[in-house]
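Q: sequence first, then the predicted structure:
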Amino acid sequence: MKTSQIDIAAFGPEHLEAAVKLSRQAGWPHRLEDWQMALTLSEGVVAIAGDRVVGTVLVTPYNSDCATINMVIVDEAMRGRGLGRKLMDTALQIAADRPLRLVATAEGLPLYERLGFRETGRVLQHQGIVGAIAEPGQTEHAAAGDIEAIVALDRLAFGADRKGMIACLGKVGNFAVIRRDGRVCGFGAIRPFGRGEAIGPVVAEGLEDAKALVAHFISTRTGLFIRLDTTAETGLSPWLAEQGLAHVSGGIAMMKPPIHRGAAEPAASTFALANQALG
């Protein structure tokens, strides 16, 4: 079957169950609820052969600041026929002129490079059953009034306004913050995801604060399954492994074109992604 015989249609709620099956085929842990959240924040398309969904892609816009391209999956029986390129071309049309980010697999890297994406770093996926750890003293549960500060801190670190994503995370999970002199200077989030729960994003002024925010969550989850996606440059990875969250896989962070910040480094950095799809 050639790609000319495959229809491209808008990704709607009616395609979610088929998308879950595709992600399971790819070895991804996403539940129906995880796909629902991604679709709520995104616009995308599915590839349909006959009555069967054989490909997906989502574009998650953060206002006009940037967008992530994610959930790019092609049915294993349809690979090598140009369908991935067809899905990406459609995603680029949806994204319009926004700067773009994605996390590539090694298999997808050549296609993304041909489309003008360039590597910016390495994403490290950590997961496992967490061991016992003391609750840190400098963290606290976020209050409803902290959301505005959380959104602003995330914007500073990520470089884009993700108010909608933060609101979604607040509905399905919860936040912790570090507060100094009455100011929120770091935050973390946790929510149900995949086989257990996912921690992220985690935004902090330094590595020790980031560790404290992660510890805030895992200190009450001894023996439970946790996932966290970090990047190599944060320095968080060795400490995560010590807590029982092994480095199991990862991906290649890419942008098109690179997003240029100002000359000064931001006062806070992203130590854990919301996940590989959302950044």
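A: Okay, I see it. The structure displayed is predicted, hence computed values, not measured ones. Residues are numbered from 1 along each chain as shown.

Q: what is the burial count for Ala210?
A: 26 (other CB atoms under 10 Å). C-betas here are computed from N, CA, C, even on glycine.

Q: hang on, it in a helix?
A: Yes. Ala210: assigned to a helix according to DSSP: H, G, I helix; E, B strand; the rest coil.

Q: can you start the count at 169 instead of 1 from here on
A: Okay, using 169 as the starting number, the last item reads as Ala378.

Q: for the closest residue to it other than its chain neighbours, which residues are in contact?
A: Nearest non-adjacent residue to Ala378, counting by CB to CB, 6 or more residues apart in numbering: Phe439, 3.7 Å away. Neighbouring residues of Phe439 by CB atoms under 8 Å, 6 or more residues apart in numbering: 370-372, 375, 378, 381, 398, 402, 404.

Q: was I right about Leu184 contacting Leu200?
A: Yes. Leu184 is within contact range of Leu200, at 6.0 Å (criterion: CB atoms under 8 Å).

Q: these two: who's more crowded?
A: The neighbour count for Leu184 versus Leu200, taken as other CB under 10 Å, is higher for Leu184 (18 against 11).

Q: next, the contact list for that one, please.
A: 200, 203-204, 207.

Q: swap in 10 Å and give it another go.
A: Contacts for Leu184 (CB atoms under 10 Å, 6 or more residues apart in numbering) come out as 200-201, 203-204, 206-207, 221, 224.

Q: what's the answer for Ala380, then?
A: Contacts of Ala380 (CB under 10 Å, 6+ apart): 303-307, 344, 346, 354, 356, 370, 372, 374, 387.

Q: buried subset of those residues?
A: 304, 307, 344, 346, 354, 356, 370, 372, 387 (16 or more other CB atoms under 10 Å).

Q: mind checking which of these are in strands?
A: 307, 344, 346, 354, 356, 370, 372 (DSSP state E).

Q: which one of those is nearest Ala274?
A: Distance to Ala274, by CB to CB, is smallest for Val370 among these, at 25.9 Å.

Q: quick check: closest non-adjacent residue to that closest one.
A: Computed as CB to CB, 6+ apart, the closest residue to Val370 that is not its neighbour in sequence is Ala440, at 3.8 Å.
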